[in-house]
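K.L.:
pasted the sequence and its predicted model underneath.
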Amino acid sequence: MRPRRFLPSIRLLLAFDAVVRLRSVTAAAEELNLTQSTVSRLILSLEEQLGRELFTRERRRLVPNAAGLAYQRDVARALDIVQRASMAVVANPEGGTLSLAVLPTFAARWLGPRLGGFLSAHPGISLNMSTRIAPVDFGSDMFDAQVLFGEDEPARDHHLKLFDERATACVSPDFATRHRLGTPEDLARLPMLYLQSRPTAWADWFRGQGAEPAGRGAMLMDQFSMMIQAAISGLGVALLPDYLARIEIAEGRLVPVLTPSVPVRGSYRLVWPSDRMDHAPLTALRLWLAQEAAR
């Protein structure tokens, strides 16, 4: 049972949120299509219900105090959740909605081409995806789950390991004809392309070739799509995850160098918060991802 004192009506919360956001009773009244006096009364009713002032009154202006600002941040998130839930019920009353944060290149090159199978098997689920590189805050961000890459097992939330990283060194066909690429030592003398999120990948690759880590950097990038384009343009040697390397090699844009598919540190995982454990669309996605990763 939720005490009604701590559950103000949506009308009160909308007025409060608008006044804090817009810093003006007049602007809030215009946004809500109410009179200024009505908005002022709603604010007063909210303060009376909570038993605490949320604004200071300065020359007939309402200025949010520290408690008001903190409360509005939480109220705004709650209103967003209610709005999204209502939109999901209207747009997709049967299957539910799933909001997923994903790594940009992983989404475009591994997950995206496979999603048709998931949506065909679960036609009632509406899937929303946004790209994120850093871990999201499930407490404030409106996501049900996230696909992450890392070397260590996540310390937070629940997770499903999808697969470990294996990498293949690749160069453009023209680059391969202009340079000797017969040994790891040959590559160590060439420009090597690095990714910010994979600082140990080249060292792991050299060890996988039976050689000591070596080489010199050429360019540091934050996304594989940029690295692929740099390698195609002949700017250096790219070290790509297998799921990317296979595509570029099959389409003739890049060629592999030395032993392909070398294990490197790191793995891909799906992570989600405890309160989404039993969310039916997420359960369906977890089962499907486990099957796809096993392939």
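P.N.:
Great, that's in hand.
K.L.:
how about the strands in this protein?
P.N.:
55-58, 61-64, 97-102, 126-131, 145-150, 158-171, 191-195, 216-221, 238-241, 255-256, 262-272 (DSSP state E).
K.L.:
mean confidence for stretch 196-207?
P.N.:
The average pLDDT for stretch 196-207 rounds to 87.
K.L.:
ends of it, how far apart?
P.N.:
20 Å (C-alpha to C-alpha, to the nearest Å).
K.L.:
how about residues contacting it?
P.N.:
Contacts made with stretch 196-207 from outside it, assessed by C-beta atoms under 8 Å, 6 or more residues apart in numbering, are listed as 133, 149, 151, 165, 167, 169, 184, 188, 192, 194-195, 212-215, 220-222, 239, 262-266. In this view, the C-beta of every residue, glycine as well, is placed from N, C-alpha and C.
K.L.:
what's the neighbour count on Pro123?
P.N.:
Using other C-beta atoms under 10 Å, Pro123 has 8 neighbouring residues.
K.L.:
what's the spacing between the closest residue to Ser40 other than its chain neighbours and Gly68?
P.N.:
Spatial nearest neighbour of Ser40, chain neighbours left out: Val25 (6.0 Å); criterion: C-beta to C-beta, 6 or more residues apart in numbering. According to C-beta to C-beta, to the nearest Å, Val25 and Gly68 sit 13 Å apart.
K.L.:
got a list of what the nearest residue to Val20 once chain neighbours are set aside touches?
P.N.:
Sequence neighbours aside, Gln72 is the residue nearest to Val20 in space, at 4.1 Å (criterion: C-beta to C-beta, 6+ apart). If a contact means C-beta under 8 Å, 6+ apart, then Gln72 has 16-17, 20-21, 64 as its contacts.
K.L.:
make TSV from the residues you listed and add distance to Gly96, neighbour count and pLDDT to it.
P.N.:
Formatted as TSV, the contacts of Gln72 follow (distance: C-beta to C-beta, whole Å; neighbours: other C-beta atoms under 10 Å; pLDDT from 0 to 100):
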residue	distance to Gly96	neighbour count	pLDDT
Phe16	30	28	93
Asp17	26	20	94
Val20	32	22	94
Arg21	30	14	93
Pro64	36	18	92
